[in-house]
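J.: my questions concern the predicted model and sequence given below.
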Amino acid sequence: MTDPVTLSLSKGPSSKDDLYGAASPAALYDEVCENYRRYVNPPLGRVMKLSGSPVEVRAQGCTITDHTGKTYLDFAGGYGVFTLGHRHPRVVAAVRDQLDRIALSGRTMFNPLMGRLAARLAALTPGDLAISFFANSGTEAVEGALKLARAATHRAAIVATDAAFHGKTLGALSASGRDAFRDPFAPLLADVRRVPFGDADALRGAVDDTVAAVIVEPVQGEGGVHVPPEGYLRAVRAVCDAAGAVMIADEVQTGLGRCGALFACDRDGVVPDVMTLAKGLSGGVVPIGAYVARPSVWNAAYGKAPLLHTSTFGGNELACAAALAALDVLQDEGLVENARARGAQLLDGARALQARYPGVIADARGAGLLVGVELRSEGYGGTIIPELLKRGVTAAWTLNQQRVIRLEPPLVVTADEVDTALRALDGALAAAFDTLGTLA
Ligand SMILES: Cc1ncc(COP(=O)(O)O)c(C=O)c1O
C-alpha cells in the first residue's frame with residue numbers, strides 16, 4: 001500500500017493544465033492568496049495561508065490534488081458533500097449529458113427531472129414523506145422546512161437543540177446553537193427555545209401548543225458528532241404528535257448513507273413530518289438542497305397557495321440529473337453497507353488511538369462514516385489538522401465544537417484508505433504530543 005505522501009512525491013508537480021493558466025505552482029499560490037486577501041475574505045485568507053492550506057486544483061474519488069501535485073486523502077469530505085467521492089464518473093456523465101439538453105429550468109414549463117427526482121425521494125424516504133421542494137443548499141432546505149411548519153400550523157415557536165447547526169440564513173441560524181454565529185445578527189426569530197440534544201424530558205418541557213416545529217439532527221454533526229440515546233427520535237416524534245408540532249429531521253449531513261443507514265432517522269425507525277437533505281444528494285457535482293414533507297403538512301401550508309415559497313434555481317435540470325445518478329450509484333455500489341463497515345473500522349481505529357494517546361484524545365464516537373475525535377484541549381487541533389495535512393490527509397473541525405475533529409470520508413472509501421488515514425492520524429497525534437505535551 002502506498003503512503004499518500006510518497007504517492008504525491010512520485011507524481012511530481014502539477015501539469016500546466018492544473019495551474020489554471022498560472023506560470024508556476026508558486027505563482028498560482030500567490031495569486032490565490034492575494035485574491036482572497038483583497039476580494040474574498042481577508043482574515044480567512046490570512047488564517048488559511050498561515051495554516052499552510054494548499055490550493056486544490058483537481059479531485060477524483062477520495063483524492064484531492066493540490067497546486068504542487070501533492071495528493072491528499074479527503075477525510076473532510078466537503079463536510080459530507082462527497083458521499084460518492086469527487087466527480088463520480090456516472091454523475092459526471094449524467095450532468096454532461098444533461099448539459100446538451102437543457103441546463104437550468106425555464107420555470108414556465110414542467111421540468112421532467114424535478115418530477116422524477118421528487119418521485120424517487122418519495123419512494124426512498126420513510127413512511128408517507130412524499131412532496132419535495134428543491135433549493136440549492138442545506139440552509140435553504142431548512143429555511144423552507146421552517147416556513148412550511150409555520151404556515152401549516154399557524155404557530156410561530158421553534159424548538160431546537162443546543163449546539164445544533166442548521167445553516168446560516170436568518171431562519172436556520174435562529175435554530176442553530178452557537179452564540180458566536182448568532183449574536184452579531186440579533187434579533188433573530190423571536191421564539192426559539194433551546195433544549196439539550198438527546199434529552200427527551202427537556203424536550204417535553206419545552207414543547208406546547210404554540211410550537212410550530214421541533215427541528216433536530218438525528219445525529220448531531222457540527223455540534224461535535226453526538227449520537228443520541230436509542231429511542232430519542234421516537235420520543236421527539238411522540239412529543240410532536242402530542243403537541244401538534246411538526247417534526248423536522250435535518251438530514252442535510254446525516255442523510256443518504258452517511259451514518260450507515262439510508263437516513264439516520266431509520267436508526268430509530270422514525271418518520272418525521274419533514275426531512276431536509278442537501279450535501280450528498282447530488283453526488284458532489286452540482287449543488288442541491290431539498291425538503292421532503294408529508295402531504296398532510298404540505299397541503300395545510302400550501303394547498304391553496306402554491307407560490308408562497310419558491311426558488312428560481314431550485315430543482316434545475318443539472319442538479320436533478322446529478323441527484324438521480326447519485327441515488328443510482330448509492331444503491332448500485334452498496335455504499336450504505338460500505339459506510340457501516342468502513343465506519344466501524346474507522347471508529348475502532350480512532351478508539352485504539354484514544355487508548356494510545358489518552359492525554360490528547362478524550363473520546364471517539366460516531367455513526368457510520370461520521371466520526372468525531374474529541375480532543376482534551378482545543379490547543380491540540382491547531383497542530384493535529386496541519387500535521388494530518390502534511391501527511392496527506394484532510395480533516396476538519398466541527399463548526400460548533402472546536403475540540404472535535406470530524407473524519408467524514410466519502411462512502412466509497414476503501415479499507416486500505418481508512419488504514420492509511422489512521423496511520424497519518426497516529427503520526428499527527430504523536431507530533432502534537434511531542435510539540436505541546438499535556439494541555440488538559
Ligand atoms: C445538519 C445541517 N443542516 C444544515 C446545514 C447547512 O447547509 P449549507 O452549508 O449547505 O447551507 C449543514 C451544514 O453543515 C448541516 O450540517
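T.: Perfect, I can see it now. Numbers count the residues shown, from 1 in each chain.
J.: what's the domain layout of this protein?
T.: The record's domain split for the chain, according to automatic domain parsing, is 14-67, 98-332.
J.: helices of the stretch 51-200 of the chain, residue ranges please.
T.: Under the criterion DSSP state H, counting those that start in this stretch, the stretch 51-200 of the chain contains helices at 77-80, 89-99, 112-124, 138-153, 170-175, 179-182, 200-206.
J.: so which of these comes closest to Pro358?
T.: Minimum separation from Pro358 across these (Cβ to Cβ) falls at helix 77-80, 27.2 Å. In this view, the C-beta of every residue, glycine as well, is placed from N, C-alpha and C.
J.: what's in contact with that closest one?
T.: By Cβ atoms under 8 Å, 6 or more residues apart in numbering, the surrounding residues in contact with helix 77-80 are 83, 221, 252-253, 258, 279-280, 284, 369-370, 396, 406, 408-410.
J.: neighbours around the closest residue to Gly269 other than its chain neighbours, how many?
T.: Leaving aside its chain neighbours, Gly269 sits nearest to Arg234 (7.2 Å; criterion: Cβ to Cβ, 6 or more residues apart in numbering). As a burial measure, Arg234 scores 13 neighbours (other Cβ atoms under 10 Å).
J.: what helix or strand is Arg234 on?
T.: helix 232-243 (DSSP states H and E).
J.: also Glu387?
T.: Secondary structure (DSSP H and E) places Glu387 in helix 378-390.
J.: quick one: list the elements packing against the following helix or strand past that helix.
T.: Tracing the chain C-terminally past helix 378-390 and defining elements by DSSP H and E, one meets strand 393-394 next. Strand 393-394 is packed against strand 71-74, helix 415-436, with contacts defined by 3 or more Cβ pairs under 8 Å, 6 or more residues apart in numbering; DSSP states H and E.
J.: show me what from this protein comes close to the ligand.
T.: Within the chain, the positions near the ligand by Cβ under 6 Å from any ligand atom are 79, 137-139, 142, 165-167, 217, 221-222, 250, 252-253, 278.
J.: try 8 Å
T.: With the criterion set to Cβ under 8 Å from any ligand atom, the chain comes near the ligand through 79-80, 137-142, 164-169, 172, 217, 221-222, 250-254, 276, 278-279, 287, 289, 399.
J.: what's near enough to touch the residue in the chain positioned nearest to the ligand?
T.: Closest contact between the chain and the ligand, by Cβ to the nearest ligand atom, is at Gly138 (2.2 Å). Contacts here follow Cβ under 8 Å, 6+ apart; on that basis Gly138 touches 166-167, 172, 252-253, 276, 278-279, 289.
J.: can you flag the buried ones in those residues?
T.: For the contacts of Gly138, a burial check counting by 16 or more other Cβ atoms under 10 Å picks out 166-167, 172, 252-253, 276, 278-279, 289.
J.: hmm, back to that, and the helix holding Arg234, how far from the chain's centre?
T.: With Cα atoms, centre = their mean, to the nearest Å as the basis, helix 232-243 stands 25 Å off its chain's centre.
J.: same check on stretch 201-215?
T.: 26 Å.
J.: averaged pLDDT, it. What do you get?
T.: Taken as a whole, stretch 201-215 has a mean pLDDT of 98.
J.: what's the answer for stretch 218-227, then?
T.: On average, stretch 218-227 scores 98.
J.: list the buried residues for that stretch?
T.: Residues of stretch 218-227 classed as buried: 218-227 (neighbour count, 16+ other Cβ under 10 Å).
J.: check the offset of it from the chain's centre.
T.: 11 Å.
J.: please apply the same query to stretch 113-123.
T.: Stretch 113-123 has its average C-alpha position 22 Å from the chain's average C-alpha position, going by Cα atoms, centre = their mean.
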